[in-house]
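Colleague: here is my input, please return the structure:
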Amino acid sequence: MANTRNLGILITMGIGTLLSSMTNSVTNTVLPVIAQHLHLSIGLASWINLVYLVVLIVLLLPAGRLTDLADRRLITAGGFGLFGLASAGAALSHSLAALLAARAVTAVAGALLLSAGPAVLTAAFPVEERGAALGWQALMTYFGLAIGPIFGGWLAQIAGWPAIFWMAVPIAVAGSIMALAFVPGGDRGSSQRFDSIGSVTFMGAMVSLTLLMNPSAYLSRFWTFIAVLVPVLMVSGVWFIRRQQHVVDPLIDLRLFRTRNYGYGTLGAMINYLCFFVALFLLPFYLSRVQGWTVGRIGLVLTIMPAFMMVLAPWAGRMSDRWGARGLASLGMAANVLGLASLAAAAGWRQTADVWLVAGLVLMGAGTGLFAAPNNAAIMKAAPAEKQGAASGTLATARYVGMVAGTTLGSSVFHLLRGMLRSGTSFSLAFLWVMVIGACFGLLGLGFTLSMERSAQSRRAS
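Modeller: Predicted coordinates:
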């Protein structure tokens, strides 16, 4: 019975992860179609993605803390239900405002599901099986990333862009039913209180930081936004940190970061997703404008990365239960560095560009596949049982901050470099140097993973 229940939990949380990653990747794929239908400029259309990321980032940590205090069964089932309603709202949208509102609500639901996932899995599975369980969740993330562009593009082409949101509704309904059937319920800690003031200051800091990392959204009023955002970031950030050090029930226990696997693992996760998304964002533009590839060929080739992630993530999760996280996470980060270097080489040596390109995609996919599950397991094992939800929220926040940072590096720095170069090959050269800069960040991430503990069982913070 216990094995059947754990299998149900595994499938349920996997559906939540799949739903979030698939919906996001599909939206990125059909964004030009949505922009054309709603008569949006590229700048306005970017907010369809930006509002999702901003809301998700600011809510992941509070949602993670909530899973430590409230009924995880209701949180998970409610997250699925809200995701389905928001997806239906997005499909029915006929204006940018309505679509942005639906995407914001989708992000609220996504924050609940993503924060609850690792906490539920960690509580359900024994220590020796935890890495494999988290590896399954990573596999579902990559499966969603893989099928999203191909399936979503095909569906939008034959049925229109609202169909990509409608397809999430039955999946969300199934997830909600399974959550009620399998996820353990019960009060997590009624004696503790939710830090509302800490949540507000954290949201202020993260909104300011996210917008500062995406200046393309407000270039026409750049200095006005800077004059507002910088002070808000400084005040709210300092206030949040000081409050977390003194409040009885903090949103996040900063003492957890004193544990090597928790602190370095969280930083490593941020860098890993920065590396992955700097490549994911720029590659379609490079392949289309420089290599002259068709959209169909680009979509097919880009599945190399998530395909390798799907194959390696479950294996890496199982092996981390035996060997520990440090070696596998470091190997994965090193592969990311080599992958970005290979993509840079593709821009530098046009005659052999296809070879370098495939090598880079294989290395990036294998690197993230080897890194994610062991690193996630190390972070979760380092947190005490009553802090699992907060650890889940911190980990998810680090991932999405890395995604935003990678996208920013791939857009803002690319355009800056291209403007400085001002030559006929500026596109290729700018792409090359952005990949090199991304590889340098990867080396920093490698330093973080090598600083983690060697043993399979990490010492928990007291």
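Colleague: just checking, V301 touches P284?
Modeller: No: between V301 and P284 there is no contact, the gap being 9.8 Å when judged by Cβ atoms under 8 Å. (C-beta placed from N, C-alpha, C; glycine too.)
Colleague: average pLDDT for stretch 271-286?
Modeller: For stretch 271-286, mean pLDDT is 83.
Colleague: repeat that for stretch 92-108.
Modeller: 92.
Colleague: what's the closest non-adjacent residue to I226?
Modeller: L212 (7.6 Å; Cβ to Cβ, 6 or more residues apart in numbering).
Colleague: quick check, pLDDT for the one you found.
Modeller: For L212, the predicted pLDDT is 81.
Colleague: do A116 as well
Modeller: pLDDT, A116: 81.
Colleague: what about it, distance to M270?
Modeller: Plainly put, A116 is 21 Å away from M270 if you go by Cβ to Cβ, to the nearest Å.
Colleague: again, but for L370
Modeller: Taking Cβ to Cβ, one finds L370 at 17 Å from M270.
Colleague: what about these two, which has more around it?
Modeller: With neighbours defined as other Cβ atoms under 10 Å, L370 and M270 compare such that L370 has more, 28 against 22.
Colleague: wait, that one touches M319, no?
Modeller: No: counting by Cβ under 8 Å, L370 sits too far from M319 to count as a contact (9.1 Å).
Colleague: name the element V173 belongs to?
Modeller: helix 168-182 (DSSP states H and E).
Colleague: contacts for that helix next, please.
Modeller: 5, 8-9, 11-12, 15-16, 18-19, 22-23, 73, 76-78, 80-81, 83-84, 87-88, 91 (Cβ atoms under 8 Å, 6 or more residues apart in numbering).
Colleague: which residues of the stretch 51-200 of the chain fall in helices?
Modeller: 72-91, 96-124, 127-159, 162-166, 168-182, 196-212 (DSSP state H, counting those that start in this stretch).
Colleague: now these as JSON lines including mean neighbour count and distance to L417?
Modeller: JSON lines is the format used below for the helices of the stretch 51-200 of the chain (neighbours: other Cβ atoms under 10 Å; distance: least, Cβ to Cβ, whole Å):
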{"stretch": "helix 72-91", "mean neighbour count": "22", "distance to L417": "35"}
{"stretch": "helix 96-124", "mean neighbour count": "24", "distance to L417": "31"}
{"stretch": "helix 127-159", "mean neighbour count": "21", "distance to L417": "27"}
{"stretch": "helix 162-166", "mean neighbour count": "20", "distance to L417": "33"}
{"stretch": "helix 168-182", "mean neighbour count": "19", "distance to L417": "37"}
{"stretch": "helix 196-212", "mean neighbour count": "19", "distance to L417": "20"}
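Colleague: any idea how far I171 is from V290?
Modeller: 37 Å.
Colleague: which parts of stretch 432-452 are buried?
Modeller: Under the neighbour-count criterion of 16 or more other Cβ atoms under 10 Å, stretch 432-452 has 432-435, 437-439, 441-442, 445-446, 448-449, 451-452 buried.
Colleague: and those, which is closest to K387?
Modeller: M452 (18.6 Å; Cβ to Cβ).
Colleague: check what pLDDT the closest one gets.
Modeller: Value for M452, per-residue pLDDT: 85.
Colleague: tell me the SS of it?
Modeller: coil (DSSP: H, G, I helix; E, B strand; the rest coil).
Colleague: correct me, but it touches R260?
Modeller: Yes: using Cβ under 8 Å, M452 is in contact with R260, at 5.8 Å.
Colleague: got the contact list for R318?
Modeller: Contacts of R318 by Cβ under 8 Å, 6+ apart are 131-132, 135.
Colleague: put the alpha carbons of the strand or helix carrying it into PDB.
Modeller: Element membership for R318, per DSSP H and E: helix 304-323. Extracted C-alpha coordinates of helix 304-323, given in PDB (Å, rounded to 0.1, in the frame of the first residue of the first chain):
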ATOM      1  CA  ILE A 304      18.600  17.400 -28.200                       C
ATOM      2  CA  MET A 305      19.100  19.200 -24.900                       C
ATOM      3  CA  PRO A 306      16.000  18.100 -23.000                       C
ATOM      4  CA  ALA A 307      16.300  14.600 -24.600                       C
ATOM      5  CA  PHE A 308      19.700  14.100 -22.900                       C
ATOM      6  CA  MET A 309      18.300  15.600 -19.700                       C
ATOM      7  CA  MET A 310      15.400  13.100 -19.700                       C
ATOM      8  CA  VAL A 311      17.800  10.200 -20.100                       C
ATOM      9  CA  LEU A 312      20.400  11.200 -17.500                       C
ATOM     10  CA  ALA A 313      18.300  12.900 -14.800                       C
ATOM     11  CA  PRO A 314      16.800   9.700 -13.300                       C
ATOM     12  CA  TRP A 315      20.100   7.900 -13.400                       C
ATOM     13  CA  ALA A 316      22.000  10.800 -11.800                       C
ATOM     14  CA  GLY A 317      19.300  11.000  -9.100                       C
ATOM     15  CA  ARG A 318      19.700   7.300  -8.200                       C
ATOM     16  CA  MET A 319      23.500   7.500  -8.300                       C
ATOM     17  CA  SER A 320      23.500  10.500  -6.000                       C
ATOM     18  CA  ASP A 321      21.800   8.300  -3.300                       C
ATOM     19  CA  ARG A 322      25.000   6.100  -3.500                       C
ATOM     20  CA  TRP A 323      27.800   8.500  -4.300                       C
END
